[in-house]
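Asker: From the sequence below, what's the structure:
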Amino acid sequence: MRTGLAALCAALLLAACGGGVSEGTQPVRLTANLAGSTGTVAVSECILSQATATLYFDGNLGLSSGDFSARALWTSSDPGVVAVSNGELPAASGSGYYAAGVLIPRRTGVAQITAKYLDFSSTLTVEVQPVRMTLEPALSEIAERSHQDFTLSLLSSSGLEVSAPEGITWSIDQAVTNANVNASGRLSANAAGDTGFTLRAQPVGCDRSATLSLKVSAIDHLSYSREQPEAPLPVGYSDLLKVYANFANASSAPQNLSAQLSYEAADEDVVALSLGSDYLLVTALDTGSSAVSARFAPDNGSPISLALPSYTGAELDPTALRLTPDGQRLSYPATGLVTALARFEDGVERPVSRHVSWSSSDSNLLAVSGTGDAAGEISTANADYSGQVYAALAGYTASSSVLVYRNSGS
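Answerer: Residues are numbered from 1 along each chain as shown. This is a model prediction of the structure:
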């Protein structure tokens, strides 16, 4: 999973800096660094980073040091490439200011970042490397009378996913009447039309942007995908479904409409329905059978119905458990995925990632989600580590190995 953006932004906002010095009597040098690196460092365009100014003292007990980032004067040889804050640059969020030493890369290039305190100075050569920006999901059509939440995804030059920037400006390039986008990236579509438009997302303070060509279209038909096999659903276990809008142009990617539909179970004593962020969970409550249906009924639009699978609840116990894959390698901050599969008394193997108890060899370095569509998703700390994730269900256990590589770059 990605590092919490709120925590990153809070850390970069203006705050008092301790700069404690132990037994120091005379300053001898100042060193500017980025995550401990000096000299030439690399950052990704449009992604904030925090430079540090460390002042060293020579005293009776030897060399000591303190963080003097908030007291140093920071300058950039080319603010158009990399701007640096002295605590006076407003944060893109509109709340507070960036702390002294925060680097704001605006475009690719090279700039000298200098920290000065008293008669001491130190310079970093900062190389701003390009990022690849894409909008997700990668749709070309959006269903009329629907909405779609888009996100901006960034990949560094080394191919690693990086955290989204703090502020993003969303816009539509053309003047259209059948679509609009809000400040969080939700696109709302009205009536279908032949005229296309361009959705744009631009990080605040950055020269780059990502675009997506779209048009509003009528739904040709609805379809669904499901997690469980076509077999009875054991009581207490669930199936995960997603419902999609498909368009007349078969080459257009379908749009996930799961959260915008209403659902009905013919027998609510047999199955329970619960809606997730972009999926439907069907849980078997008792033995018996029940049909399930979906309906898309937008305001000022014609309703469309879809028959979902008919479910038969059965009393079945698991007889074996395994994890797939057996092992994987991850480069931070990439996330991994492991699937828990249980074989039941009827001989059918079923995915059970939401129903097992997850653990790992070190919860500080490896964590596994056990909920919803993210069940089985592995997140890691930024450290070289070889460990295991474990699953337990009804007395059965299984494990899978995970090898994590630390990311020391941008």
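
Asker: quick one, phi/psi of the residue with the largest distance to the centre of the chain?
Answerer: Going by C-alpha atoms, centre = their mean, the residue of the chain most distant from its centre is Asn60, 49.6 Å out. Backbone torsions for Asn60, taken as degrees, to the nearest 10, come to phi -60, psi -30.

Asker: and the gap between it and Gln26?
Answerer: 10 Å (C-beta to C-beta, to the nearest Å). Where C-beta positions appear, they are placed from N, C-alpha and C, glycine not excepted.

Asker: ok, now how distant is the residue farthest from the centre of the chain from Thr25?
Answerer: When Asn60 is compared with Thr25 (using C-beta to C-beta), they lie 7 Å apart.

Asker: any idea which helix or strand comes after the lowest-mean-pLDDT helix or strand in the chain?
Answerer: Lowest by mean pLDDT, DSSP states H and E among the helices and strands of the chain is helix 5-12, with a mean of 43. Using DSSP states H and E, the helix or strand that follows helix 5-12 in sequence is strand 26-34.

Asker: Neighbouring strands of whichever helix or strand comes after that next one in the sheet, and parallel or not?
Answerer: Along the chain past strand 26-34, the next helix or strand (assigned with DSSP H and E) turns out to be strand 40-44. Strand pairing for strand 40-44, using DSSP bridges, gives strand 120-129 (parallel).

Asker: and the strand it pairs with, which residues are buried?
Answerer: For strand 120-129, the neighbour count (16 or more other C-beta atoms under 10 Å) marks Phe120, Ser121, Ser122, Leu124, Val126, Glu127, Val128, Gln129 as buried.

Asker: Report the angle between it and strand 26-34.
Answerer: Interaxial angle of strand 120-129 relative to strand 26-34 (axes from the mean of the first three to the mean of the last three C-alpha atoms, to 10 degrees): 0 degrees.

Asker: From here on, call the first residue 8.
Answerer: Done: numbering now begins at 8, and the last item shifts to strand 127-136.

Asker: So in that sheet, which strands flank the next helix or strand after strand 127-136, and in what orientation?
Answerer: Per DSSP H and E, the first helix or strand lying C-terminal to strand 127-136 is strand 139-143. Applying DSSP bridges to the sheet, strand 139-143 is found paired with strand 158-162 (antiparallel).

Asker: Only the buried residues of the partner strand, if you could.
Answerer: Buried, per 16+ other C-beta under 10 Å, within strand 158-162: Leu159, Ser160, Leu161.

Asker: Is it possible to get CSV of the buried residues of strand 127-136 that adds distance to Leu344?
Answerer: Below are those laid out as CSV (distance: C-beta to C-beta, whole Å):
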residue, distance to Leu344
Phe127, 50
Ser128, 48
Ser129, 44
Leu131, 38
Val133, 35
Glu134, 33
Val135, 32
Gln136, 28
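
Asker: Quick one: residues contacting Arg302.
Answerer: Leu268, Ser269, Tyr270, Glu271, Pro310, Ile311, Ser312, Leu313 (C-beta atoms under 8 Å, 6 or more residues apart in numbering).

Asker: same question but for Asp201, I mixed them up
Answerer: Residues near Asp201 by C-beta under 8 Å, 6+ apart: Lys222.

Asker: how close does it sit to Thr331?
Answerer: Going from Asp201 to Thr331 by C-beta to C-beta gives 46 Å.

Asker: again with Leu315
Answerer: Distance of Leu315 to Thr331, given as C-beta to C-beta: 26 Å.

Asker: From the contacts of Arg302, pick the one nearest Pro325.
Answerer: Tyr270 (27.5 Å; C-beta to C-beta).

Asker: Across the sheet, point out what pairs with that closest one.
Answerer: Ala301.

Asker: contacting residues for it?
Answerer: So Tyr270 contacts Leu280, Leu282, Leu287, Val299, Ser300, Ala301, Arg302, Leu315 (C-beta under 8 Å, 6+ apart).

Asker: Pick the one among the residues you listed closest to Leu229.
Answerer: Ala301 (7.0 Å).

Asker: what's around the closest one, how many residues?
Answerer: The tally of other residues near Ala301 (other C-beta atoms under 10 Å) stands at 21.

Asker: Please name the residues that touch it.
Answerer: By C-beta under 8 Å, 6+ apart, the residues touching Ala301 are Leu229, Tyr231, Val250, Leu268, Ser269, Tyr270, Leu287, Ser312, Leu313, Leu315.

Asker: if you set the cut-off to 10 Å instead, what comes out?
Answerer: 229, 231, 248, 250, 264-265, 268-271, 280, 287, 311-315 (C-beta atoms under 10 Å, 6 or more residues apart in numbering).

Asker: Please, a PyMOL command that selects the buried ones among those?
Answerer: Listed next is the PyMOL selection for buried residues among the contacts of Ala301, using 16+ other C-beta under 10 Å:
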select buried, resi 229+231+248+250+264+265+268+270+280+287+311+313+315
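
Asker: Can you list which of the contacts of Ala301 are found in strands?
Answerer: Among the contacts of Ala301, the ones falling in strands (DSSP state E) are 229, 231, 248, 250, 269-271, 280, 287, 311-314.
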